[in-house]
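Visitor: Give me a 3D structure for the following:
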Amino acid sequence: MQPEYGADKLSSCTKDICAYECYRNGQRFVFVDTPGINNQNMPQSEVFIKTARWLEETYRRSIMLAGLLYTHSIADNSRSAIDMECFQLLRHLCGNKAADRVQLVSTMWDEVEQRAANKVERTVMKIQWQSLIQAGACLKRFDNTSETAWNIVQGLGSTKKALLLQKRLMDMGRALKETTAGYFGEAKGTSWPFANFCPKKGGRIDLEETIATQRSALRLTPPGHRGRFVSLVNLSNSLHKQFILGGTLADLDEIIALRQAALECNPPTPDRCMSLLDLANGLRGKYQRLGVDADLAEAIKHACTASVQCPVEQDASCRNCIASCVELRAKKCRASAPTVQAIDSCAGSLQVKQIIRNVVTEVTKTLPLRLLNTYTGALCDRDAQISCFEDSIQYNELLSSAHDLDIPECKLSIRNTILEFFGYATLSHRWGTGEPLLRNIQGHSIYDLNGGEGFAKLQSFCALTLRHGYGWAWSDTCCIDKDSSSELQEAIGYMFSWYHHSSLTIVHLSDVSLTTPFTDSVWFKRGWTLQELLASPRVLFYTMDWLLYMNCTSPNHKEDGAILTELQKVTRIGKPQLRNFSPGVDHARSKLRWASTRHTTRAEDVAYSLFGIFQVSLPIIYGENAQGALGRLLAEIISQSGDVSILDWVGEASSFHSYFPTSLTPYQTVPGVQSVPSDPSNHNDVDREKEHELYNVLAQLPSPRFLGRRLALPCIVHRIIRVKLLGVSSTTYHNYEIVASGLTPLKLCLPCRLQEGSAPGLPYALVRPWSPKSLHVLPHGDGSGSLLEWLRRPFNALLLKSSLHNEYKRIASDCLIEAHMQDLASLANFECQTLEVV
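Guide: Purely as a prediction, here's the structure:
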């Protein structure tokens, strides 16, 4: 292809491949403009075919690239799954060895505010570009000036390299479908028209003649001949091309036989890995034709074997092959890392090894106790997880390369590599029938097991995790030993953290299809799923058929506007909390309201499922009643936060404590009090003096505390000085007129019988719980009368009855008692003290 125009003719939305030339300082530069992989005006498959054909043709003519520019507008803060897949396809097209020829260029810096642009750049580097940057790609900025443009171009250097796709097509004679990029495209569901990628007429020997020639060559290389492996591979590849163009099952059987024979030649590791994948794909194709389970089982076995032998650039091909096979098996049920001898030379210094060991220890502490290896399907404990890493290519590459870096760079490189290796996905779902437990899968590969819907769900989850590029998966069904009370205690304590540190949480909605909204799913009614939703930084929702909900391709459904709005509606949780939730005992009343409509199979789990959300550490005591579990949780929240708002509820009192409800249901109601217009001018100097005295008294009260089922509650006490029975409205309810110090008289309908009469013999009081934290929102001394305004508001009073031992107990908890301060003169009658409530 001859250059046509100057570089100023480059287009941002080209549909063809064109070359342009320009000169600078006596140097000639040729730019090749190709359609973008995510071009909206062309099918992705057409772009890929066109680019691949051009790369093959230029490589045949010994033309190689000095570099490759990949641009991303820094003004675009969207990161769709399609963009990420396109970038991954670019990576597989280039290969790791040619990654240093890639310049990752962020543009539009002159049109975006600097701080926002820096944030977008960090996000793109971390999520999309990280893999190529680690492989050697350079990061550049273009600010719409010729100076930065030429700095980017000159940074490419003068050396040239072949891309991985060119080597696969020409040096190894593979079909496009059999290249690493081709495997990736097929695994992502792209319908590549590989039949269109055929030899041009007159450009090569006809395919049938090629096959005949290769058969002859094979006959001339008997077993043991050093060229037999190449002859077997070449013939099987040509037959595979013929099969794609419309071959028969007999062709496929011959392809499988040839690939099995190629493996018997004991080829070197890279070729053996590719041969295993070729054989696995052939067996998978046969299973798709005939449906014989043994073919699929053998395909999975060969793909798993390949995964522990392949070099890094073939890792994605292994993942996708395993995932495709497992998904086929799971679909029917519904109707590792590479091993290389560790380098023990001076290249891996003792200092580097120690840094690696320290980082591995630090990272694995945050991992679940057990994880499923998505390459092999094996369940691995902590020691097995570390062993997998030490047997991996990533570990050996760190040993051989990290010592060339200075200590800060070395530590950063090691940390990033280890974090990427141990990235894992968590499953969030509603338990169904036949869920596999630890004892069902321990010592087995989940890919070899058949056991109904539960096993199919686990296999589909692991396959999907593998497709997303993660080697580890965690499910609450089989990764916890539920027969061990100590392990169960530890798991519940760490579960929020495990979801929070996961790279991805996959939510499987077994009752949602592509045509139904997920707001009706029972997943939103379960107790444990609230924690899983809030803890997980990145979430993807999948339907019953393991398809993305609403076909949403956003890499994080928590960042998608439409889905986030639905989530807010069904959960009643604000968008900021959904996107970035912080656990703890603050805002306790709101968190209890979020959980108030959810249910669990075991009654105690209503409380246990909230331990992580409130970040409390309490014993797990299965067998205690639900009221005991909830009571212990509420007592801990009170003790840590002093938040008395959780005492403001109406309903049945708990047997654990009279100040706590029997369930979370009363928290569905948001406490409401009428606001009173503020008018500081109504307060005279006498009022100010009383306010000052009351302020000092309240400031001296301690925080609420809970000890031995006794609540030491600071409060403003209004003693009841007269009780008069007005009548009986039914056999259980009594109408009373009640007069309490400092309050306007009340008329109440209560389910209990009160002692009538006047003080001092009455044992009753109406109280307003108090916490010293309330003073933070009531500034004193600014002349605003803020405390007086607060006291004038109506409040929900709690009715207490004292005993002979000076203990109090809440009564009539199922009645709402709205009380009003009588007047400012009544401040003198206020009692501020701490009561012991049982």
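Visitor: CA only for contacts and neighbour counts going forward, please
Guide: Fine.
Visitor: Just the mean pLDDT for the helix or strand hosting Ala149, thanks.
Guide: Secondary structure assignment for Ala149, by DSSP states H and E: helix 146-154. Computed over helix 146-154, the mean pLDDT rounds to 76.
Visitor: next one: stretch 716-728
Guide: In the prediction, stretch 716-728 has an average pLDDT of 93.
Visitor: swap in stretch 787-802?
Guide: Stretch 787-802 shows a mean pLDDT of 87 in the predicted model.
Visitor: again, but for stretch 394-410
Guide: Per-residue pLDDT values across stretch 394-410 average out to 73.
Visitor: How far does it sit from its chain's centre?
Guide: Here stretch 394-410 shows a centroid-to-chain-centroid distance of 29 Å under the convention C-alpha atoms, centre = their mean, to the nearest Å.
Visitor: now swap in stretch 305-323 and tell me
Guide: Averaging C-alpha positions (C-alpha atoms, centre = their mean) puts stretch 305-323 24 Å from its chain's average.
Visitor: So Gln489 sits against Leu618, correct?
Guide: No - assessed by C-alpha atoms under 8 Å, Gln489 is found out of contact with Leu618, at 9.1 Å.
Visitor: count of residues packed around the residue lying closest to Ile17 once chain neighbours are set aside?
Guide: Once flanking residues are discounted, Ile17 sits nearest to Thr34: 4.6 Å by C-alpha to C-alpha, 6 or more residues apart in numbering. Other residues near Thr34 number 20, with proximity taken as other C-alpha atoms under 10 Å.
Visitor: just Ser803 next, same as before
Guide: Taking other C-alpha under 10 Å as the definition, Ser803 ends up with a neighbour count of 11.
Visitor: Identify the residues contacting it.
Guide: Ser803 is in contact with Pro763, counting by C-alpha atoms under 8 Å, 6 or more residues apart in numbering.
Visitor: ok, back up a step: between Gln489 and Leu618, which has more neighbouring residues?
Guide: Each of Gln489 and Leu618 had its neighbours counted (other C-alpha under 10 Å), and the higher figure belongs to Gln489 (17 against 14).
Visitor: Checking the more buried one next. Helix, strand or coil?
Guide: The three-state label given to Gln489 by DSSP: H, G, I helix; E, B strand; the rest coil is helix.
Visitor: Can you give me the separation between the nearest residue in space to it that is not next to it in sequence and Arg430?
Guide: Nearest-residue entry for Gln489: Ile620, 5.7 Å, with adjacent residues in sequence omitted and distances by C-alpha to C-alpha, 6+ apart. For Ile620, the distance to Arg430 (C-alpha to C-alpha, to the nearest Å) stands at 22 Å.
Visitor: before we move on, what about Gly452?
Guide: Computed as C-alpha to C-alpha, the Gly452 to Arg430 distance reads 16 Å.
Visitor: can you check Leu800 too?
Guide: Applying C-alpha to C-alpha, the value for Leu800 to Arg430 is 42 Å.
Visitor: more crowded one of those two?
Guide: Taking neighbours as other C-alpha under 10 Å, Leu800 and Arg430 compare with Leu800 leading, 24 against 18.
Visitor: and the longest helix along the chain, what does it pack onto?
Guide: The longest helix of the chain (DSSP state H) is helix 269-290. Under the contact definition 3 or more C-alpha pairs under 8 Å, 6 or more residues apart in numbering; DSSP states H and E, helix 269-290 sits against helix 249-263, helix 293-307, helix 315-334.
Visitor: Quick one: those as a markdown table, columns for mean neighbour count too.
Guide: Compiled in a markdown table, those are given as follows (neighbours: other C-alpha atoms under 10 Å):
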| stretch | mean neighbour count |
| --- | --- |
| helix 249-263 | 18 |
| helix 293-307 | 22 |
| helix 315-334 | 23 |
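Visitor: Among those helices, which comes closest to Arg753?
Guide: Among those, the nearest to Arg753 by C-alpha to C-alpha is helix 315-334 (60.6 Å).
Visitor: what about Gly432, how many residues close to it?
Guide: For Gly432, the tally of surrounding residues (other C-alpha under 10 Å) stands at 10.
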